[in-house]
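Student: Structure for the following, please:
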Amino acid sequence: MNKMLRFFDLHPGEERKEAVLDNVISNISFRGANAWILACAIVIASVGLNVNSTAVIIGAMLISPLMGPIVGAGFALGTFDFQLLKKSLKNLLIATLISLVVSSLYFLLSPFKEAQSELLARTSPNIYDVLIALFGGLVGVIAITRVDKGNPIPGVAIATALMPPLCTAGYGLAIGNLSYFAGALFLYIINCVFICIATFTIVKYLRYPKKHYVDPKREKRISQSISLIILALVIPSLYFAYNLLQEKKYTNKVKQFVQQQFSDKGYTVVYEKLLTKPKRLELAFLAKKFSDQEIAALKKSMESFGITHTDLIIRQDSLDLKTTILSEIDKRSAAVNDKDLTIRALNNELAKYQVASPQLANDLAVLFPELQSYSIGQQQYYAKKDSLANMVAFIYSSKVPLAEIQQIKLRLWLKNRFPKDSLEIIERNFK
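Tutor: Predicted coordinates for the structure are as follows:
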């Protein structure tokens, strides 16, 4: 038994306690460079959430200094250093307010307001988020107390994910969606509290010296307060986890129902929409028309799949169905990713300057066979201080010098092809 306990002993490889505390205290403050780094990290995370880029969000989490005051609060509770606790909570509040203001401003200014999957993932915390915060916090604090820090710290920053919930809360404020704001802020609080509790646990286990003497009654009150906070966060998380599980079960039952009752029988489903509040399943089919008796039988058969209190609506009016499908297409079209919009705008801009074409090459080969190679392009230049003009530049090389008549012919032909642009013809040296 003693061998087993020694196997999990955290004392070997432990850094000096004074050095660890100095390191923790130095990372608490949010002034100067830390405030700038936090604000920049918030903007990066907001952009990542806005464009649904996981890689960008991870990058923001890695550079975020938010862990500092949370770990500081855990050390303060473990050592009964109430001045340090006050300083940590004050700086955590400052960091939270900076993050909410910056992320709200970003989403207010951003033209893309649609909630992406990365944003929605931070609006419904559950018990799994509690476990991630607790065990991630344990790993982080253990690493902080080691002489050889190793590489767990970046992983902890990514796993506990303090930055994305704050940005999502800012998004909720920006669009006026209080449920998004409340859900994301609750996830942020879960992460903060359980990282702090994990820190407190390791500090007590490693027996860091107490800053102030606390009588047993007061120490008991502190332990009871921590227990109450844990319960206040765990109970709603369990409720959300239960709701998530029930929703997944319900969705799977509906999929089985549609597969067995329609797809397996050869009926092609062209439209399917499932609502959970209120529960409603809407379907439409390519060719199959259902009678009232068949629809009634289908509604009854839903109970055998465990699907209760759900309306089944089969769209069979062709005009109504067409309107619905077009509406869905319009919604999806309106949700075009900003990357696609940027690419389209760049392609349109590039098209303005694309002069060369297969037809142009064929005409040049017939009219001017002497040309060995050529390059043609369009560019803009300032004709006057305040006006832009277009110029077509034609650069060529030939096996033998073009005769004067051919040079005039080439200029007239190009001028005819590009009448609105000025023209510059340049002959390269030939061998």
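Student: distance of residue 135 from residue 142?
Tutor: 11 Å (CB to CB, to the nearest Å). C-beta coordinates here come from the backbone N, C-alpha and C atoms, glycine included.
Student: and if you look at residue 276?
Tutor: Taken as CB to CB, the span from residue 276 to residue 142 is 41 Å.
Student: out of these two, which sits in the busier spot?
Tutor: In this view residue 276 and residue 142 are compared by other CB atoms under 10 Å, and residue 142 has more residues nearby, 20 against 13.
Student: secondary structure element for that one?
Tutor: helix 127-144 (DSSP states H and E).
Student: Could you double-check that residue 164 sits in contact with residue 56?
Tutor: No - using CB atoms under 8 Å, residue 164 makes no contact with residue 56, being 10.7 Å away.
Student: Name the residue in the two with the higher neighbour count.
Tutor: More neighbours surround residue 164 than the other of residue 164 and residue 56, with 26 against 18 (other CB under 10 Å).
Student: burial of residue 69, as a residue count?
Tutor: 28.
Student: before we move on, what about residue 33?
Tutor: 10.
Student: With residue 40 as the reference, measure out to it.
Tutor: 11 Å.
Student: again with residue 10
Tutor: Separation of residue 10 from residue 40 (CB to CB): 35 Å.
Student: Please apply the same query to residue 264.
Tutor: As for residue 264, its distance to residue 40 is 54 Å (criterion: CB to CB).
Student: And for residue 282?
Tutor: 45 Å.
Student: helix, strand or coil for the closest residue in space to residue 78 that isn't next to it in sequence?
Tutor: Nearest residue to residue 78, sequence neighbours excluded (CB to CB, 6 or more residues apart in numbering): residue 203, at 2.9 Å. When classified by DSSP: H, G, I helix; E, B strand; the rest coil, residue 203 comes out as helix.
Student: Residue 203 - how many residues pack around it?
Tutor: Quick note: residue 203 (other CB under 10 Å) scores 23 neighbours.
Student: before we move on, what about residue 165?
Tutor: Neighbours around residue 165, by other CB under 10 Å: 26.
Student: How about residue 46?
Tutor: Using other CB under 10 Å, residue 46 has 30 neighbouring residues.
Student: Model confidence score at it, please.
Tutor: At residue 46 the predicted local distance difference test score is 90.
Student: ok, now residue 309?
Tutor: As predicted, residue 309 sits at a pLDDT of 85.
Student: Would you enumerate the residues in contact with the spatially closest residue to it that is not a sequence neighbour?
Tutor: In this structure, residue 309 finds its nearest non-sequential neighbour in residue 279, 5.6 Å apart by CB to CB, 6+ apart. By CB atoms under 8 Å, 6 or more residues apart in numbering, the contact set of residue 279 is 250, 309-311.
Student: circling back: can you show me the CA trace of the helix holding residue 142 as CSV?
Tutor: What follows is helix 127-144, C-alpha atoms only, in CSV (Å, rounded to 0.1, in the frame of the first residue of the first chain):
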residue,chain,number,x,y,z
ILE,A,127,-21.3,18.1,-16.5
TYR,A,128,-18.7,17.2,-19.0
ASP,A,129,-17.5,20.8,-19.0
VAL,A,130,-17.2,20.6,-15.2
LEU,A,131,-15.0,17.5,-15.5
ILE,A,132,-12.8,19.1,-18.1
ALA,A,133,-12.3,22.2,-16.0
LEU,A,134,-11.6,20.2,-12.8
PHE,A,135,-9.1,17.7,-14.3
GLY,A,136,-7.6,20.3,-16.7
GLY,A,137,-7.0,22.6,-13.6
LEU,A,138,-5.4,19.7,-11.7
VAL,A,139,-2.9,19.1,-14.5
GLY,A,140,-2.1,22.8,-14.8
VAL,A,141,-1.5,23.3,-11.1
ILE,A,142,0.6,20.2,-10.9
ALA,A,143,2.7,21.4,-13.8
ILE,A,144,3.1,24.9,-12.1
